[in-house]
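In: Below is the sequence, then the predicted model.
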Amino acid sequence: MKKGNINVSVENIFPLIKKFLYSDHEIFLRELISNATDATLKLKHLSSIGKEKIKYGEPIIEVKVDKKGKKLHIIDQGLGMSADEIEKYINQVAFSGAEEFLEKYKDSAKDSGIIGHFGLGFYSAFMVSSKVEIISKSYRGDDAAHWSCDGSPNFTLKKSKKKDRGTEIILHIDKDSKEFLEDSKITELLTKYNKFMPVPIKFGTKEEELPLPEDAEKDAVAKKITVDNIINNPKPAWTKQPKDLEDQDYKSFYRELYPMQFEEPLFNIHLNVDYPFNLTGILYFPKINNDLNIQKDRIQLYQNQVFVTDNVEGIVPEFLTMLRGVIDSPDIPLNVSRSYLQADGAVKKISSYISRKVADKLNSLFKNSREDFEKKWNDIKIVIEYGMLSDEKFFDKADKFALYPSVDDKYYTLSELTDKIKDNQTDKDDKLVVLYASNKVDQHSYIETAKRKGYEVLLLDSPIIGHLIQKLEGSKEKISFVRVDSDHIDNLIKKDDTKISKLSDDEKKKLEDILKEEIPSDKFTVQLESMDSEADPFIITQPEFMRRMKEMQQTGGGGGMFGMGNMPEIFNLTVNTNSELVGQILATKTKKKQSRLISQSLDLAKLSHGLLKGEELTNFIKRSYDIIK
Ligand code: ADP
Ligand code: MG
């Protein structure tokens, strides 16, 4: 047997880091600015604990493009490095000075906001540079140092004349990466990754107009001055305490996050925990329309104010990915794969915390300003319904505030609704029957009929309502939902609803035979019914079961259902034997006239159900003109 050490040499690793460390080359700038920020925050921390005599001042970070010299400069006024420190922190790949700092000042630096972690960020500079220089002077006042490296494991380190505290990183941009010498590209990157970082970042200058004095002449021209162009807002709203923020502050922060978004958010939820994990953030409920997919990926994820991604899948519960806003947590392990992320215990806790906070907020809005909540309902219902479907705990909580609006704009909670209909809307098995329409216009005549009978009709029109209904029926024992134009409406039996038939049994038999000849049996199941003589003679309904199956298919539910795509559409045709017209059909002697009466009535029923289309509609209109001629 032989034992030994595997010889991993830097020569081999270096090109690997360059190539594969990050899939996105552009993040080099984020890494270098994070280091500059760390250097500044460390200094701030040291000065705050009074460890050293430090004139902290108001340090900024500056980014400069030298297009001619093909160089990019990142300059900070942080704690700087001596030559020894460069040897220690930079020359040792994967040795993190950030980790070390946090370890050393364990208790006091916990909340200092230090970003670095893995000791690899600096090397991302070589993804875009043929040569990198560091010129740095430590706050301790040692000689400034000048380090330089061309991407091979060889470096040079010499003295430098730099006078002031801090570090300047100079990237000699590679010819493959020329885009990073464009002002527009750098602005884009700074706004994407660094917009809310805690130390001011300057990129160039801009002109600003001074306000005119009050007594200025009419044609006075405002004086222009040149000021630093600061890219970021170092103290974004989510880092503040909720008690220090007004409604207006939340709204203007929303505009800062989504400058292209003109619609105001409906309300917001401020997240703020530090045990058992650290998480801050603000979530906004925007108006959400029925197109679920285009609205995702609007929540931005930050780590200590550094933008990481806008894909929060796995961190935010699926049903809340339609919201907007920011989440900031140093506790989310981001350098690991997404599938790992979803299994991670801390991440699971974060996700359920967010879900709980959202439920609590909705509940308090409902309790404290119900009227306002009702007004917003239609814009937020999808999120809530989606949450009720996908998250059991949320489902239980939402029972208190989920609303069921009527076609007349009354809003009920489920228990209020139950109270309202319990004496009037039950079926043979004593189950409550909730009547609903999905479209006020299309189902108008059915809604009217139901209302005439004194039934309460809901308007449930979100694309996932079918799934929610299924769930409600499954979890509440004595309730069933029935669409106004479905056959089940017949199950609602009130005593005075059953009328005596005007027709004898013989006449009924005769009517059945006539109808059989005229009405295609593969499309309609005909049934005779003795209803109010005022009710429509022909009424089309669709079996509730069949319509639901079709709907489920469309919204992606009912997954394993096979062959449903070919399910024939069969409707019920209820013929009201007490109507005058049906009496007339029976009495008509000529076959031709009889058949015309039936097809005209059938078309009218189809029209009422929204089924009359194309050639059938054209023929119907022509026939109707002929009749009134
Ligand atoms: P990390 O930030 O994860 O610690 P990096 O590779 O980004 O790792 O940086 C390595 C170390 O180099 C840092 O921890 C820090 O000690 C030092 N360093 C990098 N940039 C600067 C800077 N601008 N000012 C002072 N120290 C720096
Ligand atoms: Mg770093």
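Out: Structure's in. What do you need? Ligands and ions are numbered 1, 2, ... in the order given.
In: how many other residues sit next to residue 66?
Out: 14 (other C-beta atoms under 10 Å). To be clear about C-beta, it is placed using only N, CA and C from the backbone, and glycine gets the same treatment.
In: Before we move on, what's the pLDDT of the residue in the chain that ligand 2 sits nearest to?
Out: As assessed by C-beta to the ion, ligand 2 sits closest to residue 121 within the chain, at 3.0 Å. Listed pLDDT for residue 121 reads 82.
In: cool, and residue 504?
Out: 86.
In: Look up phi and psi at it.
Out: phi -80, psi 170 (degrees, to the nearest 10).
In: can you start the count at 288 instead of 1 from here on
Out: Sounds good: first residue 288 from here, last item residue 791.
In: hmm, back to that, my guess is the residue of the chain closest to ligand 2 contacts residue 318, does it?
Out: Yes. Applying C-beta atoms under 8 Å, one finds residue 408 in contact with residue 318, separated by 3.7 Å.
In: Flag every residue of the stretch 488-637 of the chain that's near ligand 1.
Out: Counting by C-beta under 6 Å from any ligand atom, no residue of the stretch 488-637 of the chain lies close to ligand 1.
In: Tell me which stretches of the stretch 488-637 of the chain form helices.
Out: 534-544, 625-630, 632-655 (DSSP state H, counting those that start in this stretch).
In: List the buried residues of the very next helix or strand once past the longest one.
Out: Sequence-wise, the next helix or strand beyond helix 632-655 is helix 657-677, with elements assigned using DSSP states H and E. Buried residues in helix 657-677, defined by neighbour count with 16 or more other C-beta atoms under 10 Å: 660, 663-665, 667-676.
In: Name whatever forms a beta bridge with the nearest residue to residue 665 once chain neighbours are set aside.
Out: In this structure, residue 665 finds its nearest non-sequential neighbour in residue 692, 7.7 Å apart by C-beta to C-beta, 6 or more residues apart in numbering. In this structure, residue 692 bridges to residue 698 when assessed by DSSP bridges.
In: Could you double-check that residue 692 sits in contact with residue 704?
Out: No. Look at residue 692 against residue 704 with C-beta under 8 Å: they stay out of range, at 10.1 Å.
In: Next one: the residue of the chain closest to ligand 2 from residue 480, what distance?
Out: Between residue 408 and residue 480 the computed distance is 12 Å (C-beta to C-beta, to the nearest Å).
In: what does residue 492 give?
Out: Taken as C-beta to C-beta, the span from residue 492 to residue 480 is 22 Å.
In: For these two, work out which one has more neighbours and name it.
Out: Neighbour count, other C-beta under 10 Å: between residue 492 and residue 480, residue 480 has more, with 21 against 11.
In: Show me the shaky parts of the stretch 488-637 of the chain.
Out: The model of the stretch 488-637 of the chain has pLDDT under 70 over residues 576-584, 620-630.
In: all strands for it, in order.
Out: 488-496, 511-517, 554-560, 566-572, 586-590, 593-596, 611-615 (DSSP state E, counting those that start in this stretch).
In: Output the buried residues of helix 657-677 in JSON lines, with pLDDT appended to each entry.
Out: Output for the buried residues of helix 657-677, formatted as JSON lines (pLDDT from 0 to 100):
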{"residue": "660", "pLDDT": "96"}
{"residue": "663", "pLDDT": "94"}
{"residue": "664", "pLDDT": "95"}
{"residue": "665", "pLDDT": "92"}
{"residue": "667", "pLDDT": "92"}
{"residue": "668", "pLDDT": "93"}
{"residue": "669", "pLDDT": "90"}
{"residue": "670", "pLDDT": "91"}
{"residue": "671", "pLDDT": "94"}
{"residue": "672", "pLDDT": "94"}
{"residue": "673", "pLDDT": "92"}
{"residue": "674", "pLDDT": "94"}
{"residue": "675", "pLDDT": "95"}
{"residue": "676", "pLDDT": "93"}
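In: Report how many residues lie close to whatever residue of the stretch 688-837 of the chain ends up closest to ligand 1.
Out: For the stretch 688-837 of the chain, the residue closest to ligand 1 is residue 751, as judged by C-beta to the nearest ligand atom, at 43.8 Å. Burial of residue 751 is recorded as 19 neighbouring residues (other C-beta under 10 Å).
In: Help me confirm that it comes into contact with residue 672.
Out: Yes. Using C-beta under 8 Å, residue 751 is in contact with residue 672, at 5.6 Å.
In: Please tell me how far the most centrally placed residue in the chain sits from residue 545.
Out: For the chain, residue 609 is the residue whose C-alpha lies nearest the centre (C-alpha atoms, centre = their mean; 1.4 Å). Remark: distance between residue 609 and residue 545 (C-beta to C-beta) = 14 Å.
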